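> How does the following fold in three dimensions:
(one chain, ligands or ions: 1)
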Amino acid sequence: MRYWNRIGTGLWLCALLWVAGVLCAQGLDIESRYSPLNRQRSPRRSTEYIILHTTEGGGRGSLEKLRRYGEAHYMVDVDGKVTRIIQRDRIAFHAGRSMWDGKTNIDNISIGIEIVGYHDKPITARQIEAVRELLRQLKSIYKIPDNRILPHSMVAYGRPNRWHSVSHRGRKRCGMLLARDDVRRQLGLSGKPSFDPDVRSGRLVVADPYLNTVLYTVVPVAQPSAGQDSLSMIARGRSAWDIARENFNSPTTVYIFPDGTRRRGDQITDWNRMPPGTRVEVGSEGAEQSSDVERVQVIGRDGTTAAEIAGAAITRESTIYFLKDGSVKQGSELSAEGLMNLPDGTGMLVGYVHGGIIRANRRAFDICGPRWNLPTTFYRMPDGTIRSGPEMNERNIPLGTMVFFQP
Ligand SMILES: [Zn+2]
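Model (predicted):
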């Protein structure tokens, strides 16, 4: 009897040691603090990529913002502590306007990890350790090869705008250093894409040559040399976009003119007359994602003309106009004269599919599939208001609502 007891105790001890061993081998200091939006997020149907971000702000502010908007699956703080924000099998909105190898809306097919830090500064040893272990676990669960673990800046792309007449890579530099070979080796990653498939195929052009060399060459070219101060100053050959990227007209970007007056990005309309020497302060705590929030562009606020907002896409079918008379038109439906004379307040979406109208037998999912609740999908309600995907409940979208989504 006693003998069997001893064996029993021994088995228990073994089991305990085994469990402890497994826990230690996993070695992650991880905690769930799910976003209030977690339960509303749709399950992800496939997982082909892991996207690595840098928060561009401190841990506390970033975590609060990421949780509030459900903008990542995980955040890795400077001390290596990992927080779960959205369950890994649901969709998190972390990549914004994105494309890789012709696939868009990468949120639908990826996991997003936010690393507290900056795109051009080394992350901590504890973060390296934690990200390495987190990636090891996710890779084994989802069978994702290393060349599909990509920094956000590799997959983000920008719509045409006043500075770039066509869609372009270089919308942001998020996670840039995570493309460097030495950093990837530390993270246990071997291999990365050797070129940008969307640039090679002509779907996108390179708008940030420096970023491009960091992402795809072994020895990146040096960033244009200049003091930190003059790098954030508008000059010949250095526009507001070069400094602030798509945050150029965001309320969190502040312009300090040579005469000392200050203006927020959303208060400026005449971008062609920004005086050289204007200093640009971009973003605030945890502001990494602000340019990822897709919204309807408005003539008079985001540009003085349609061409300033849509560049060469002004006449395309994929540019949608919300006219003041309540009608909705595609660029291809408007005359050259009509396009020239659009009044202030006209709304625009650039790079969109006009999915048509919700009917009794044609629901949002039938129109755009799992994109229906993405923040990049827009609904024009019968009363004329426009809402984005996360604001919608698929079961009670009024009949007659129009749906617009990114292809
Ligand atoms: Zn990012």
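
> Quick check, pLDDT for Arg236.
What the model reports for Arg236 is a pLDDT of 84.

> which stretches of the stretch 1-150 of the chain aren't confidently modelled?
Within the stretch 1-150 of the chain, the segments meeting pLDDT under 70 span 1-26.

> closest point of it to the ion, which residue?
Residue of the stretch 1-150 of the chain nearest the ion, by Cβ to the ion: His53 (3.3 Å). For every residue, glycine as well, the C-beta is placed using N, CA and C.

> and that residue, what element?
Secondary structure from DSSP states H and E places His53 in strand 49-54.

> Now the next helix or strand after that strand: buried residues?
Per DSSP H and E, the first helix or strand lying C-terminal to strand 49-54 is helix 59-69. Neighbour-count burial for helix 59-69, counted by 16 or more other Cβ atoms under 10 Å, picks out Gly59, Ser62, Leu63, Lys65, Leu66, Arg67, Tyr69.

> residue contacts, the first one?
By that I understand Gly59. Counting by Cβ atoms under 8 Å, 6 or more residues apart in numbering, Gly59 makes contact with Met75, Asp77, Val78, Val116.

> at 10 Å instead, please
Neighbouring residues of Gly59 by Cβ atoms under 10 Å, 6 or more residues apart in numbering: Met75, Val76, Asp77, Val78, Asp79, Lys81, Thr83, Glu114, Val116, Gly117, Glu285, Gly286.

> Does the nearest residue to the fifth one once chain neighbours are set aside lie in a helix or a strand, and which?
This means Asp79. Ranked by Cβ to Cβ, 6 or more residues apart in numbering and with sequence neighbours excluded, the top spatial neighbour of Asp79 is Arg126, at 5.5 Å. In this assignment (DSSP H and E), Arg126 forms part of helix 125-142.

> Can you give me the buried ones in that helix?
Within helix 125-142, the residues that count as buried by 16+ other Cβ under 10 Å are Gln127, Ile128, Glu129, Ala130, Val131, Glu133, Leu134, Leu135, Leu138, Lys139, Tyr142.

> Report the separation between the two terminal residues of stretch 106-119.
Distance across stretch 106-119, first residue to last, is 20 Å (Cα to Cα, to the nearest Å).

> circling back to that earlier point, so the helix holding Arg126 versus strand 49-54, what angle?
Helix 125-142 and strand 49-54 are oriented at 160 degrees to each other (axes from the mean of the first three to the mean of the last three Cα atoms, to 10 degrees).

> Helix or strand next in line after helix 125-142, which one?
Under the assignment DSSP H and E, the closest C-terminal helix or strand after helix 125-142 is strand 149-151.

> helices or strands next to that next one in the packing?
With contacts defined as 3 or more Cβ pairs under 10 Å, 6 or more residues apart in numbering; DSSP states H and E, strand 149-151 has these neighbours: strand 49-54, strand 110-115, helix 125-142, helix 181-186, helix 209-216.

> can you give me the helices in this protein?
Here the chain has its helices, by DSSP state H, at 2-26, 59-69, 125-142, 152-155, 181-186, 197-200, 209-216, 228-231, 240-244, 306-310, 336-340, 364-368.

> Of these, flag the one that's most buried.
helix 152-155 (a mean of 28; mean count of other Cβ atoms under 10 Å).

> what does the average pLDDT come to for that helix?
Averaging pLDDT along helix 152-155 yields 98.

> That helix near the ion at all?
Yes - judged by Cβ under 5 Å from the ion, helix 152-155 comes into contact with the ion at His152.

> for that helix, packing partners?
Going by 3+ Cβ pairs under 10 Å, 6+ apart, helix 152-155 lies up against strand 49-54, strand 99-100, strand 110-115, strand 168-169, helix 209-216.

> Can you tell me which residues in this protein are near the ion?
His53, His152, Cys174.

> how far away is the residue of the stretch 1-150 of the chain closest to the ion from Asn396?
Using Cβ to Cβ, to the nearest Å, His53 is found at 34 Å from Asn396.

> Please say which of the two ends up with more neighbours.
Remark: of His53 and Asn396, His53 carries more neighbours, 30 against 6, as counted by other Cβ atoms under 10 Å.

> Wait, that one touches Ser153, no?
Yes - in this structure His53 lies within contact range of Ser153 using Cβ atoms under 10 Å: 9.1 Å.

> Overlap of the contact sets of those two?
The overlap between the contact sets of His53 and Ser153 (Cβ under 10 Å, 6+ apart) consists of His119, Lys172, Cys174, Gly175, Leu178.

> I'd assumed Leu52 was in contact with the third one.
Yes - taking contact to mean Cβ under 10 Å, the distance of 8.6 Å between Cys174 and Leu52 places them in contact.

> So for these two, which residues contact both of them?
Glu114, Pro151, His152, Ser153, Met154.

> now those as JSON lines including distance to Ala310?
Output for the shared contacts of Cys174 and Leu52, formatted as JSON lines (distance: Cβ to Cβ, whole Å):
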{"residue": "Glu114", "distance to Ala310": "31"}
{"residue": "Pro151", "distance to Ala310": "28"}
{"residue": "His152", "distance to Ala310": "24"}
{"residue": "Ser153", "distance to Ala310": "23"}
{"residue": "Met154", "distance to Ala310": "25"}
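
> Let me know the closest of those residues to the ion.
His152 (3.4 Å).

> okay, the closest residue to that closest one other than its chain neighbours: pLDDT?
Distance criterion Cβ to Cβ, 6+ apart; nearest residue to His152, sequence neighbours excluded, is Cys174 at 3.8 Å. As predicted, Cys174 sits at a pLDDT of 94.

> Drop anything exposed from the contacts of Gly59.
Applying 16+ other Cβ under 10 Å to those, the neighbour count classes Met75, Val76, Asp77, Lys81, Thr83, Glu114, Val116, Gly117, Glu285, Gly286 as buried.

> Tabulate those residues (JSON lines), appending distance to Leu37.
Shown next, in JSON lines, are those (distance: Cβ to Cβ, whole Å):
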{"residue": "Met75", "distance to Leu37": "15"}
{"residue": "Val76", "distance to Leu37": "20"}
{"residue": "Asp77", "distance to Leu37": "21"}
{"residue": "Lys81", "distance to Leu37": "22"}
{"residue": "Thr83", "distance to Leu37": "15"}
{"residue": "Glu114", "distance to Leu37": "15"}
{"residue": "Val116", "distance to Leu37": "21"}
{"residue": "Gly117", "distance to Leu37": "24"}
{"residue": "Glu285", "distance to Leu37": "20"}
{"residue": "Gly286", "distance to Leu37": "17"}
